[in-house]
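> Sequence and predicted structure below; questions after.
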Amino acid sequence: MNWLPLRMGDAPSPLRALGWIGVRGELDDKGKWNKLPYQIGYPHRPAANNDPDHWRNEGDVREVQIMAPDLFDGFGVALTGGIIFVDLDDVRDPITGVIDEWALQLVVTFDSWAEVSVSGTGIHIFCFGRLPGSGLVGYLDGDPARKIEVYDRGRFAYLTGHTLEPVRPLAERQRLVDLLAQHVRPGGVSATTISTGRGEAPIPEGQRNDALFRIARGFVLHGLSGADLERALLAVNRRRCVPPLSAIEVIKMARHAERLPDRRPA
């Protein structure tokens with residue numbers, strides 16, 4: 001496993017000011033490398049993305065890089081809100097540096113600081129902004145060839161500082177973030193399907209509550225919240241449930257789904 005080493009000084013100061021953790025690559029029983037976070041002050045203890053006591057500062061990272069460079073395979077920062085992290089996997093040739101056209105277009109459109117991922121095959125885009133929900137995981141416009149993840153809190157972002165040229169400052173891009181949230185969908189699912197449930201099988205009585213709740217959780221994980229989440233779930237209820245549940249029941253279900261903690265793996 002060859003990870004790109006961290007170039008701390010090349011990362012923008014707002015990112016360097018966040019809480020830092022160490023990262024190690026570990027093989028699972030299927031032979032896949034996983035990036036696992038550890039506390040810099042206690043290098044054998046896992047780091048949690050919701051516990052600031054587990055994080056250290058930029059100076060501690062620099063000290064480890066000098067005094068114990070083999071202690072970790074890499075480093076990351078804890079996202080706490082206000083900075084958007086767009087994660088694009090398998091979009092770059094690590095030898096030639098050529099980036100897939102759709103990913104390069106995102107880099108150019110956001111026109112904010114971007115770097116090469118630790119594997120050399122991915123791209124990270126960072127900007128100022130906030131997501132409408134807990135995060136976006138899916139595919140750009142539902143295209144399975146264009147996987148994308150977007151977060152602004154409750155996650156670690158593993159940094160390299162290997163900046164994409166030309167170097168761009170970390171910019172405010174809330175309008176683009178809002179627009180992007182409308183285009184991240186499950187693979188093969190159009191905007192019409194995700195908002196209305198159109199084109200999917202009917203949900204019979206006896207399965208409605210479980211099915212609608214699963215759909216609601218899927219909407220939450222794709223960034224829907226509040227009134228938008230309620231409208232989307234009501235639309236699915238009207239089109240697919242036989243017979244439909246009452247609007248009051250559906251709205252309660254949407255609110256419950258939104259309150260549940262995000263249990264996706266870090």
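Received it, and whenever you're ready, just let me know what you need. Numbers count the residues shown, from 1 in each chain.
> what about the helices in this protein?
Applying DSSP state H to the chain gives helices spanning 13-16, 58-67, 101-110, 174-181, 191-196, 208-221, 226-240, 247-259.
> quick one: Leu164 from Leu88, how far?
11 Å (Cβ to Cβ, to the nearest Å). For glycine as for every other residue, the C-beta is placed from the backbone atoms N, C-alpha and C.
> now do Cys241
36 Å.
> hang on, the earlier thing: neighbour count winner among Leu164 and Leu88?
Leu88 (26 against 18; other Cβ atoms under 10 Å).
> List the contacts of the residue lying closest to the more buried one once chain neighbours are set aside.
Distances taken as Cβ to Cβ, 6 or more residues apart in numbering place Ile123 nearest to Leu88, at 4.5 Å, with adjacent residues excluded. Ile123 sits next to 88, 91-92, 99, 103, 107, 114-117, 164 when contact means Cβ atoms under 8 Å, 6 or more residues apart in numbering.
> Return the member of these nearest to Pro186.
Relative to Pro186, the closest of the contacts of Ile123 is Leu88; by Cβ to Cβ it sits at 17.1 Å.
> What separation is there between the residue nearest to Leu88 and Arg214?
On the measure of Cβ to Cβ, Ile123 and Arg214 end up 32 Å apart.
> ok, now Gly22?
36 Å.
> Between these two, which is the more surrounded one?
Per other Cβ under 10 Å, whichever of Gly22 and Arg214 has more neighbours is Gly22, with 24 against 11.
> Could you measure from that one over to Ser112?
Distance from Gly22 to Ser112, by Cβ to Cβ: 26 Å.
> Check Lys35 too.
Taking Cβ to Cβ, one finds Lys35 at 23 Å from Ser112.
> For these two, indicate the residue with more neighbours.
Per other Cβ under 10 Å, whichever of Lys35 and Ser112 has more neighbours is Ser112, with 21 against 17.
> so what's that one up against?
Ser112 makes contacts with 125-128, 168-171, 173, as judged by Cβ under 8 Å, 6+ apart.
> May I ask which of the residues you listed has the most neighbours?
The most crowded member of these, judged by other Cβ under 10 Å, is Phe126 (26 neighbours).
> Can you check what pLDDT the model gives it?
Reported pLDDT at Phe126 in the predicted model: 98.
> Leaving out sequence neighbours, find the closest residue to it.
Trp113 (5.2 Å).
> how does this protein divide into domains?
Domain ranges of the chain: 8-185, 191-259, per automatic domain parsing.
> of all these, which lies closest to Asn2?
Taking Cβ to Cβ, domain 8-185 is the member of the domains of the chain nearest to Asn2, at 7.9 Å.
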